[in-house]
Structure formats: structure tokens, C-alpha cells
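1. structure, please.
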Amino acid sequence: MQKFITAFLLILSGTTIAQTKVRITTAGKGWAANSVNAVIFRHNSLTSFNNTQYIAYYDSARRLVIGKRLIGSNRWTLQTTPYTGNATDAHNTISIITDGEGYLHISWDHHNNELRYARSISPGSLELTGKLPMTGSRENKVTYPEFYRLPNGNLLFLYRDGGSGNGNLMLNHYDIKTKQWSQLQNGWINGEGQRSPYWQMAIDKAGTIHISWVWRESPDVASNHDLMYARSKDGGRTWEKSTGAQYTLPITAATAEYAWRIPQNSELINSTSMSTDDAGNPYIATYWRDPASTVPQYRLVYHDGQQWRTRQISQRTTPFSLSGGGTKRIPISRPQILIANKKGRVLGVLVYRDIERNEKASVAYCNDLRQGKWQVKDLSAATVGLWEPSYDKEIWRKHNVLHLFLERVEQGDGETTRAIPPQPVQVLEWKIN
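-> Residues are numbered from 1 along each chain as shown. Here you go, the predicted model:
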């Protein structure tokens, strides 16, 4: 018993735990009455440039806080910005990234409203500019802002223009030399006024952009169906299928490549994650329910260079059903998938939270995806509530070390909150054996 207590206290203090190779540091305390600080579609909650890591979150007064530290340090420098957000709506997330010159870019507080975007006044600074436009075009109905960094240091900004069940996907490009944004795509994945794409994106080592998405026919999450795919080898200007066949834009339900057919009412979740291996093969993590079962399972849908395949990762036993609009109170989180190449093998890590594991931050990991044997372990000692995982992509890409944004949060069904005091905002570091 004493050993257990000692280990638990060490985790809380931020000390490295040798047995599990987990280290946790605390930046501050954040809003926790819903999951706005800890939803999976934060791209990004953490980001790094050279030896500095940045973090962003809403505090208890719903103010936008940004911070930085030297990677490996326990000491965070925090800045409470002049900006606030409607943190009671879990859609209204904060997304950050650093460009190739070290400027911090930030977008926050969106659910079908005008663009809110700023950047640091100089590289490494936590002082932000005033609100800025990007291109000035179709920036009045923004949802799900996401930043991605290209290998040359330029940025991509992805968002939905319009509403659930009737929205189109937008793509902007930032040039670090001119410090200007331009619009690459205007609804290039198009719901034709009948449906919306809910997507996940990744950029591989060669700079190829991979995107996959489900279609949603209405605001009801039960209308999610199918998993589609496209890629771009020229920075987002033209798009092709996994076969190399060129798309004629816009991509619609009739012209999209279907990576996997999944009918409506399958408990298929939206807005999950994807990654790639060194060969540029895409891996998509999600969950859905087989027709003969009542239990949704975590799945991996991937392309092996020849064809699309799928594997079931979890062996869950607890049924649940998805229906209705707004942010749902779901007994499992959406999963993050991380991929690495090791000694000729492709390694996979699935990060998630499940009521069957007492709502801890957990990982399923596979040392060789060709074999498909997954092991499971918990990274956090205590519950994380209704948390979903997001992580520092740059540190994973460079070092294959997981830096995970961690905060215990709650979430009512729909856009409702739960009474919970502010909770520690932390970074959990885990190096795979």
C-alpha cells in the first residue's frame, strides 16, 4: 500500500516514474465544466519550435491563456491574453501552432461565427497582435479551426464554412516569407448543401497532405456514415485518390474514394485522427459498431500500399448509442493514432479514454502492425473525466515521445456544463519502451 501511495504522489509532483516512464508537469489551472479544453480536434493544444514548447487553454474566467517552457523543464511562463471565449460550448476550442520562423499563431472561440485569429508580435513572444483577418473571404461562419505545419515551415489552416449537415471545407496557406495568407481551396470537399464532411488530416515526411472524412447527413450524429480519403502532393492545390487518379474538384459523395463503407446508425464517430508511416501510407483511427453487435469498438483503417484494410483494436463489452446534436457525453473518447517506423516495423499507438478503464488516459500499442497484437496500459493514475487526447505533433515526429495535453474535465449532454472547480492543466510525457 505504501508503495502505491508513493507512486501516486510522484506522479502528481511531476517526477519521472521509472516503472512506466511517465512524467507530468503542471502549467496552471483551467476551465473544466465542459470539455472545450480537452477535445480531440484541437490542432493544436500543444506545439513546439526548436527547444520551446507552447500550450493554450481557457482559465476559470474563460480567458485565453498561452504559455511556454523549455522542453524538459517543469517551469512554465504563462500569459493571460486580452481574449476570451464562449467556453460553455465545447466546439469553441483554441488551436495553436508555430511557423518555420518561430511565430506563434492562434485561433479560438468558433462555432459558426466570424474568424478569431492572431499571432505573436515576434518569434518566441507570448504577446499577441490584435485580431487579424486571413484572406477576408468566407470568414464569417467558421468552425473547427486547425493549423498544420508543412516541411518548409509554411502553414495550413483548415476550417468548416457553414453548419453541421450543410457545410464546406476551407483551406488557407500561410507563406513565412511574405507573412500573408492565401486561400487554396473553397469548399473542395463539398456537401452540396445536403451534408457536411467531418475530417481528420495528417502531413507525411515528404510533405504529402492526407485527409479522410465521414459524411454527416444532418446535425444528428447518428447520420455519420462511410470513411472517405484524398491526398495532395502539391501543398493542397490538387488532390488525388490512393490510386493516383486525379480528383475533379469539388469532391462530392458521388466522386469520393471510399476507404471503408460504414452505414448510418452504426455509432460511427466523427472528427478523430490519422497519421502516416515513413512510406506515406495513411492510418485512420475511429470507432463504430458492427451490425450484429451493440458495442462500438476502436478500429484502425489503413492503406498498406496496395489496398485499404481494417483491424479491430479494442475488445470492449459496454454498449452505447450515439444520436442527437451538440457535444455528446460519451463513455469513451475519440482516439488519437500515432505511427512510427522502428527497425523495419511499423509501430502504432492508440491514445484514448474509456469508462471500462475507469476513465484514465490509456494507450493501446502495437510493436508491429503487420501482426496486429495490441497491449493496453494506463498512463494517468486518476480519472480524467470526459477528456479526449491531443498531443505535440512536432515532438512525436522528431523523437517518438508522446507529450499529451492532460486535464480532468466534465461534459453534459449537448452544450451543457457540470459543476466542477478549475483543474490542473498538465503535460504528460511518455516514452515508449
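2. how about the helices in the protein?
-> For the chain, applying DSSP state H gives helices covering 2-13, 393-399.
3. worst average pLDDT in the ones you listed?
-> Mean pLDDT is lowest for helix 2-13 out of these, coming in at a mean of 38.
4. what ranges do the strands span in the stretch 51-200 of the chain?
-> Along the stretch 51-200 of the chain, counting by DSSP state E, counting those that start in this stretch, strands occupy 52-58, 63-70, 77-84, 94-98, 104-108, 117-119, 142-149, 155-163, 166-175, 180-190, 196-203.
5. now the ones you listed as JSON lines including distance to Gln336 and mean pLDDT?
-> Just so you know, the C-beta spots here come from the backbone N, C-alpha and C atoms, and that holds for glycine as well. Output for those, formatted as JSON lines (distance: least, CB to CB, whole Å; pLDDT from 0 to 100):
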{"stretch": "strand 52-58", "distance to Gln336": "17", "mean pLDDT": "98"}
{"stretch": "strand 63-70", "distance to Gln336": "22", "mean pLDDT": "98"}
{"stretch": "strand 77-84", "distance to Gln336": "25", "mean pLDDT": "98"}
{"stretch": "strand 94-98", "distance to Gln336": "15", "mean pLDDT": "98"}
{"stretch": "strand 104-108", "distance to Gln336": "20", "mean pLDDT": "98"}
{"stretch": "strand 117-119", "distance to Gln336": "25", "mean pLDDT": "98"}
{"stretch": "strand 142-149", "distance to Gln336": "14", "mean pLDDT": "97"}
{"stretch": "strand 155-163", "distance to Gln336": "17", "mean pLDDT": "92"}
{"stretch": "strand 166-175", "distance to Gln336": "21", "mean pLDDT": "91"}
{"stretch": "strand 180-190", "distance to Gln336": "22", "mean pLDDT": "95"}
{"stretch": "strand 196-203", "distance to Gln336": "10", "mean pLDDT": "96"}
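6. would JSON lines of these with distance to Pro296 be doable?
-> Listed next are the strands of the stretch 51-200 of the chain as JSON lines, based on distance: least, CB to CB, whole Å:
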{"stretch": "strand 52-58", "distance to Pro296": "29"}
{"stretch": "strand 63-70", "distance to Pro296": "34"}
{"stretch": "strand 77-84", "distance to Pro296": "36"}
{"stretch": "strand 94-98", "distance to Pro296": "27"}
{"stretch": "strand 104-108", "distance to Pro296": "31"}
{"stretch": "strand 117-119", "distance to Pro296": "36"}
{"stretch": "strand 142-149", "distance to Pro296": "22"}
{"stretch": "strand 155-163", "distance to Pro296": "24"}
{"stretch": "strand 166-175", "distance to Pro296": "25"}
{"stretch": "strand 180-190", "distance to Pro296": "25"}
{"stretch": "strand 196-203", "distance to Pro296": "16"}
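7. tabulate these in a markdown table, adding columns for mean neighbour count and distance to Lys233.
-> As requested, the strands of the stretch 51-200 of the chain are exported to a markdown table (neighbours: other CB atoms under 10 Å; distance: least, CB to CB, whole Å):
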| stretch | mean neighbour count | distance to Lys233 |
| --- | --- | --- |
| strand 52-58 | 25 | 29 |
| strand 63-70 | 20 | 34 |
| strand 77-84 | 15 | 37 |
| strand 94-98 | 25 | 22 |
| strand 104-108 | 24 | 24 |
| strand 117-119 | 21 | 27 |
| strand 142-149 | 22 | 15 |
| strand 155-163 | 21 | 14 |
| strand 166-175 | 22 | 15 |
| strand 180-190 | 18 | 14 |
| strand 196-203 | 23 | 11 |
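8. which one of those strands lies nearest to Trp387?
-> Comparison of the strands of the stretch 51-200 of the chain against Trp387 by CB to CB identifies strand 52-58 as nearest, at 12.4 Å.
9. angle of that closest one against strand 94-98?
-> Per axes from the mean of the first three to the mean of the last three CA atoms, to 10 degrees, the angle that strand 52-58 makes with strand 94-98 is 170 degrees.
10. next, the angle from strand 52-58 to strand 77-84.
-> Here strand 52-58 runs at an angle of 40 degrees relative to strand 77-84 (the same axes, to 10 degrees).
11. list the buried residues of stretch 107-124.
-> Residues of stretch 107-124 classed as buried: Ser107, Trp108, Asp109, His110, His111, Leu115, Arg116, Tyr117, Ala118, Arg119, Ser120 (neighbour count, 16 or more other CB atoms under 10 Å).
12. before we move on, what about stretch 371-383?
-> Using 16+ other CB under 10 Å as the test for burial, stretch 371-383 gives Trp374, Asp378, Leu379, Ser380, Ala381.
13. roughly how far apart are the first one and Cys366?
-> It refers to Trp374. Note on Trp374: its distance to Cys366, by CB to CB, to the nearest Å, is 5 Å.
14. now the second one
-> Here the distance between Asp378 and Cys366 works out to 17 Å (CB to CB).
15. then Ser48?
-> Distance from Ser48 to Cys366, by CB to CB: 26 Å.
16. quick one: low-confidence ranges for the stretch 151-300 of the chain?
-> When residues are selected by pLDDT under 70, those of the stretch 151-300 of the chain lie in 165.
17. quick revisit: need the residues touching each of Trp374 and Cys366.
-> Common contact partners of Trp374 and Cys366 (CB atoms under 8 Å, 6 or more residues apart in numbering): Gly348.
18. now render the buried residues of stretch 371-383 as CSV, adding distance to Lys177 and pLDDT.
-> Listed next are the buried residues of stretch 371-383 as CSV, based on distance: CB to CB, whole Å; pLDDT from 0 to 100:
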residue, distance to Lys177, pLDDT
Trp374, 44, 96
Asp378, 46, 97
Leu379, 40, 97
Ser380, 42, 96
Ala381, 47, 93
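19. out of the strands of the stretch 51-200 of the chain, which gets nearest to Lys328?
-> strand 196-203 (13.3 Å).
20. just checking: what are the partner strands of that closest one?
-> Take DSSP bridges as the rule and strand 196-203 pairs in its sheet with strand 209-216 (antiparallel).
21. and the partner strand with strand 155-163, angle?
-> 10 degrees.
22. quick check: buried residues in strand 209-216?
-> Buried residues in strand 209-216 (16+ other CB under 10 Å): Ile209, His210, Ile211, Ser212, Trp213, Val214, Trp215, Arg216.
23. now that strand against strand 180-190, angle please.
-> 50 degrees.
24. tell me how far strand 209-216 lies from the chain's centre.
-> 13 Å (CA atoms, centre = their mean, to the nearest Å).
25. again, but for stretch 254-263
-> With CA atoms, centre = their mean as the basis, stretch 254-263 stands 22 Å off its chain's centre.
26. touching it from outside, list them.
-> 189, 212, 214, 224-230, 241-243, 247-248, 268, 284, 288, 291, 301, 303, 308, 310.
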